[in-house]
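>>> Okay, sequence plus prediction incoming.
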Amino acid sequence: MILVSGVTKRYGKTAVVDDVSLQLPRGGVTAIVGANGAGKSTLLSMIARLLDSDAGSITVGDLDVATCDSRELARRLAILRQTNDLQSRLTVADLVGFGRFPHSGGRHTATDRAAIEQAISWMNLHDLRDRFLDEMSGGQRQRAFVAMVLAQDTEYLLLDEPLNNLDVAHAHAMLTTLRRAADELNKTVVIVVHDINYASCWADQIVAMKNGVIRAVGSPREIMRRPLLKDVFELDIEVVELRGHRIAHFYLPVPICANCNSANEACCLNRGVSEPVPLTLRPQVAS
Amino acid sequence: MSAHAPSVAPAATDKPAGRPLSRGWFGGLAVLLVLAIVSVFTGVSDLSPVDFLTGTATDRQWLHLLASRVPRTVAVLLAGASLALSGLLMQLLVRNRFVEPGTVGTSESAGVGILIAVMVFPTAPLVVKMVIAIVTALIGTALFLRLVRSLPPKAPVVAVPLIGIMLAGVIAAGTTFVAYRFDLMQTIGIWMQGDFSGVLRGRYEMLWLLAGMGLLLWLFADRFTLASLGQDHARALGLSYKATLNLGLALVATSSAITLVVVGGIGFVGLVVPNLITLWRGDNLRRNIGWTALAGSGFVLVCDLMSRTLNAPYEVPVGTVSGVLGGIVFLGLLLTGRMRTQ
């Protein structure tokens, strides 16, 4: 279990993460969602001791991340931050091999090699294993890094925007893999995602953050509600039910009222007086 | 793409190219040994391998061989390997392809140590001067690292070597000022200029310390490669990033100071050899140590052979030859777009 209690991170006078307490039980997939600058990545980095917190404490299992041995923690918890800037000229197989560093320190044993092969196979990287990272696309590189943290074979897997740079097929495959890691290998997966619908459809639990605090924690069904999303993202998003999942239609243009040509709360639209007008038939265009 | 479809993993076999020392490497080593033998029998006084094989060599010739020619060639091989490996490690740790100890102030800082030693302990043995040079090289390299760390994260790639060149310039100016005041310009010039003609038995043995440095590099190779992924990735995998960085740059500074004190400055080896090797073989340090050492030795050996034959019986300083040759290779890399930005 990951236990975060009263954790704060300040930059100057701004608290990016403000007195956050959170309990993440073992197993399952947890998605952290929220607007840009809500403190999601900062919180994740602090849990993984990549950032020091200014107040509060964090424990992973029985390890206090502020004081425990870093390599010991690396055998329990893996983190992948966003990797867009890295241009190292390592091969995919080399990189994945470094995931075993916390266990063997560099001399790979049979267990290490098996873990490396499994990770490469899970991320479907056989064809790319001898390619240099700096000669691959952003999405391929992203998959190679996820393979590295999979090879680390930890109970906890923290991923900051693992779907970055991935097309829909690879994003789908990535989520399938993470789901599999949670279901088959009983790992605890925590991801930061921007697309709330991925969170809704794939996660067991969603943590919604805003301005450095946690606004809500709950199942996708509990979080994917129009008023709550409006509060977290400051956008009125229609939520519909699709095959047992809740989908937020943030791709649609915000409906415009035919009467007052606006979409604010006072508008007659919200009182049910008029019908929303589709984008192509907005009054000013029609007239 | 179906990541969830379990696929059969192929057997984990090491490919020949993946091993640090492959058949190709031993081929390269053979070429280097041939060059080394040529080097031993190149010079002003006439030594012939035939005499030594048939046993007709005089005592004088034996003395010449063992006290001058062999030490010189060994010094060239050790210094060349060390310069190239230092450059490789520094580029890896600073995450910049445009740096080498000779351009970021490390060599100039070692020069400060030599100046101090010459002024304060003029009669001290070479090893004392070397220790002082190592200390000042460590301080200078730490200063460079401190400056690099204060760069904004999005600073352009050339900012790092630029800072190094500026730092080196400031340090060199200080050295020149003091040396000029105390009429030591020529002395310092001789110390700093790369030259193997002064290498004799009894005056180069400290270069064997470089082999020890190479061993440390081998032992910590994986940690250094991991550190080259940056602080976040290194810490996430449980590596103490700062300690690794400090250890690596201390290795670089120490090796550079040792080379500088014994043979002087030889430019561009640490810049072009690592760039060529990593372009070909990637950034995995353990896999590159053998080839980088070999190529560094070979490069300096060729430079030294040229320095002795171009204007025989006089010598062109080896640093001059390496500067011209290395400069041409470096410009070639730049002009063909092969210099990578990170």
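Ah, there it is.

>>> Without its sequence neighbours, what residue ends up closest to whatever residue of the stretch 101-250 of chain A ends up closest to chain B?
Proximity to chain B, evaluated over the stretch 101-250 of chain A using CB to the nearest CB, is greatest for A:Gly106 at 3.4 Å. Using the backbone N, CA and C atoms, a C-beta is placed for each residue, glycine as well. When the adjacent residues along the chain are set aside, A:Gly106 lies closest to B:Asp222, with 3.4 Å between them (CB to CB, 6 or more residues apart in numbering or on different chains).

>>> one step back: so the residue of the stretch 101-250 of chain A closest to chain B: helix, strand or coil?
Reducing the assignment at A:Gly106 to three states with DSSP: H, G, I helix; E, B strand; the rest coil gives coil.

>>> is it true that it touches B:Phe220?
No: with the criterion set as CB atoms under 8 Å, A:Gly106 and B:Phe220 do not qualify as a contacting pair; they are 9.1 Å apart.

>>> More neighbours: the two, which one.
Comparing A:Gly106 with B:Phe220 by neighbour count (other CB atoms under 10 Å in any protein chain shown), the higher total belongs to B:Phe220, at 20 against 17.

>>> Correct me if wrong: the residue nearest to A:Gly106 contacts A:Phe101.
Yes: in terms of CB under 8 Å, B:Asp222 counts as a neighbour of A:Phe101; the distance is 6.9 Å.

>>> Those two: who's more crowded?
Shown here are B:Asp222 and A:Phe101; by other CB under 10 Å, A:Phe101 has more neighbours (25 against 21).

>>> where's the more buried one relative to A:His108, distance?
10 Å (CB to CB, to the nearest Å).

>>> tell me the contacts of the residue nearest to A:Phe101 when sequence neighbours are not counted?
Nearest residue to A:Phe101, sequence neighbours excluded (CB to CB, 6+ apart): B:Leu237, at 4.7 Å. For B:Leu237, the contacting residues are A:Ala74, A:Phe98, A:Gly99, A:Phe101, A:Pro102, A:Gln152, B:Leu226, taking CB atoms under 8 Å, 6 or more residues apart in numbering or on different chains as the criterion.

>>> quick one: B:Gly290 is in a helix?
Yes: counting by three-state DSSP, B:Gly290 is found in a helix.

>>> Tally up the residues packed near it, please.
When neighbours are defined as other CB under 10 Å, B:Gly290 has 20 of them.

>>> With B:Arg72 instead?
Using other CB under 10 Å, B:Arg72 is surrounded by 24 other residues.

>>> Now do it against B:Leu53, distance only.
Between B:Arg72 and B:Leu53 the computed distance is 21 Å (CB to CB).

>>> Over to A:Val96?
Counting by CB to CB, the gap between A:Val96 and B:Leu53 amounts to 53 Å.

>>> And the two? Which one has more around it.
Taking neighbours as other CB under 10 Å, A:Val96 and B:Leu53 compare with A:Val96 leading, 28 against 9.

>>> hang on, that one in a helix?
Yes: according to three-state DSSP, A:Val96 belongs to a helix.

>>> show me what contacts it?
Taking CB under 8 Å, 6+ apart as the definition of contact, the neighbours of A:Val96 are A:Ile116, A:Ala119, A:Ile120, A:Leu125, A:Arg129, A:Ala144, A:Ala147, A:Met148, A:Ala151.

>>> now do B:Val178
Taking CB under 8 Å, 6+ apart, one finds B:Leu115, B:Met119, B:Leu184 in contact with B:Val178.

>>> now, among these, which is nearest to chain A?
When these are ranked by distance to chain A (CB to the nearest CB), B:Leu115 comes first, at 38.7 Å.

>>> Could you find the closest non-adjacent residue to the closest one?
Of all residues not flanking B:Leu115 in the chain, B:Thr175 sits nearest, at 5.5 Å (CB to CB, 6+ apart).

>>> Is B:Leu229 in contact with A:Ser88, as I believe?
Yes: assessed by CB under 8 Å, B:Leu229 is found in contact with A:Ser88 at 5.9 Å.

>>> can you count the residues close to B:Leu126?
15.

>>> B:Thr187 and chain A, how far apart?
Computed with CB to the nearest CB, to the nearest Å, the distance linking B:Thr187 and chain A is 43 Å.

>>> next one: B:Leu279
8 Å.

>>> Find the helix or strand that that residue is a member of.
Taking DSSP states H and E as the criterion, B:Leu279 maps to helix B:269-281.

>>> Do a quick rundown of the strands in the stretch 51-200 of chain A.
For the stretch 51-200 of chain A, the strands defined by DSSP state E, counting those that start in this stretch occupy A:55-60, A:63-64, A:77-80, A:156-160, A:188-192.

>>> got those strands as CSV, with mean pLDDT, mean neighbour count and distance to chain B columns?
As requested, those are exported to CSV (pLDDT from 0 to 100; neighbours: other CB atoms under 10 Å in any protein chain shown; distance: least, CB to the nearest CB, whole Å):
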stretch, mean pLDDT, mean neighbour count, distance to chain B
strand A:55-60, 94, 18, 13
strand A:63-64, 94, 14, 12
strand A:77-80, 95, 26, 5
strand A:156-160, 96, 24, 9
strand A:188-192, 96, 25, 14
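
>>> Report the contact partners of the residue nearest to the spatial centre of chain A.
For chain A, the residue nearest the mean C-alpha position is A:Val192 (1.7 Å; CA atoms, centre = their mean). Counting by CB under 8 Å, 6+ apart, A:Val192 makes contact with A:Ala31, A:Ile32, A:Val33, A:Lys40, A:Ser41, A:Leu44, A:Leu159, A:Asp160, A:Glu161.

>>> For those, please prepare a markdown table with the additional fields distance to A:Ala216.
Formatted as a markdown table, the entries for the contacts of A:Val192 read as follows, by distance: CB to CB, whole Å:
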| residue | distance to A:Ala216 |
| --- | --- |
| A:Ala31 | 12 |
| A:Ile32 | 11 |
| A:Val33 | 10 |
| A:Lys40 | 14 |
| A:Ser41 | 19 |
| A:Leu44 | 18 |
| A:Leu159 | 21 |
| A:Asp160 | 20 |
| A:Glu161 | 20 |
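
>>> Quick check on these: which are buried?
Neighbour-count burial (16 or more other CB atoms under 10 Å in any protein chain shown) is assigned, among those, to A:Ala31, A:Ile32, A:Val33, A:Lys40, A:Ser41, A:Leu44, A:Leu159, A:Asp160, A:Glu161.

>>> Give me the angle between the helix or strand harbouring B:Leu85 and helix B:269-281.
Using DSSP H and E, B:Leu85 sits in helix B:70-94. Taking axes from the mean of the first three to the mean of the last three CA atoms, to 10 degrees, one finds that helix B:70-94 is oriented at 60 degrees with respect to helix B:269-281.

>>> next helix or strand past helix B:70-94?
Immediately after helix B:70-94, counting by DSSP H and E, sits helix B:106-120.

>>> where does the stretch 201-342 of chain B dip in pLDDT?
Where the stretch 201-342 of chain B drops to pLDDT under 70, the residues are B:340-342.

>>> Around chain A, pick out the residues from it.
B:221-223, B:225-226, B:228-230, B:232-233, B:235-240, B:278, B:282-284, B:286, B:340-342 (CB under 8 Å from any CB of the partner chain).

>>> repeat that for 10 Å
B:219-223, B:225-226, B:228-241, B:278-284, B:286-287, B:340-342 (CB under 10 Å from any CB of the partner chain).

>>> Buried only: go through the residues you listed for me.
Buried residues within those, counting neighbours by 16+ other CB under 10 Å: B:220-223, B:225-226, B:228-230, B:232-239, B:241, B:278, B:281-284, B:286-287.

>>> Could you tell me which of those are located in helices?
Secondary structure of those is defined by DSSP state H; positions in helices are B:221-223, B:225-226, B:232-236, B:241, B:278, B:281, B:286-287.

>>> What sits closest to B:Leu167 if chain neighbours are left out?
With CB to CB, 6+ apart as the criterion, B:Leu167 has its nearest non-adjacent residue at 4.0 Å, and that residue is B:Gly105.

>>> got a list of what that neighbour touches?
Residues near B:Gly105 by CB atoms under 10 Å, 6 or more residues apart in numbering or on different chains: B:111-112, B:137, B:139-141, B:143-144, B:147, B:163-172.

>>> Thanks again, I'm all set now.
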